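S.K.: Sharing a sequence plus its predicted fold:
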Amino acid sequence: MAEQQTPHGPEQIVEAKLEESQIRVVGQTGEVSPQDLSGNGYTYRHDWGAWNGFVRFNLTSSTFTANTRVFVAVSEPTGGGGKFIGAARYLVYNVAPDNGVISVRVHIDWGSPLGVPIDYFIVNP
């Protein structure tokens, strides 16, 4: 874990590696097929642990490029693997794919660390 100063205050930087064995191709259940996506698409959820304040989460994989398309969702986790909208505000500021990494800047607006599960929808055109 690293930290850097930003105009908004300190930002913690956290990194995790996405193994290819963890990839689930969109459409395997029959609702949407990879062909409909015009590329190789899949979803992934990563539990980043408990954080608050500004944090940059770096998910790494050799499959990511600067042309990778990424959509993310973040919310407060339930105890059973779901998510809910509680009193804490979770804000996604930036999502930036690059060669080997997807960086997501999040602000968890709460006085103490809370769980941060991020859902990724990733398409490699």
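M.R.: Nice, thanks for sending it over.
S.K.: lowest-confidence helix or strand of the chain?
M.R.: Every helix and strand in the chain was compared by mean pLDDT, DSSP states H and E; the lowest is strand 24-25, with a mean of 60.
S.K.: so what's residue 43 bridging to?
M.R.: When assigned by DSSP bridges, residue 43 has beta-bridge partners residue 24, residue 121.
S.K.: did I read that right, residue 87 in a helix?
M.R.: No. Counting by DSSP: H, G, I helix; E, B strand; the rest coil, residue 87 is not found in a helix; it is coil.
S.K.: so what's it closest to, chain neighbours aside?
M.R.: Of all residues not flanking residue 87 in the chain, residue 110 sits nearest, at 7.9 Å (C-beta to C-beta, 6 or more residues apart in numbering). Every residue, glycine included, has its C-beta placed from N, CA and C.
S.K.: what ranges of the protein fall below the confidence cut-off?
M.R.: Judged by pLDDT under 70, the chain has its weakly predicted residues at 23-38.
S.K.: Which residue ranges of it form helices?
M.R.: Along the chain, no segments are classed as helices by DSSP state H.
S.K.: what sits against the spatially closest residue to residue 103 that is not a sequence neighbour?
M.R.: Closest residue in space to residue 103, ignoring its immediate chain neighbours: residue 96 at 4.8 Å, by C-beta to C-beta, 6+ apart. Remark: with contacts taken as C-beta atoms under 8 Å, 6 or more residues apart in numbering, residue 96 is in contact with 102, 103, 104.
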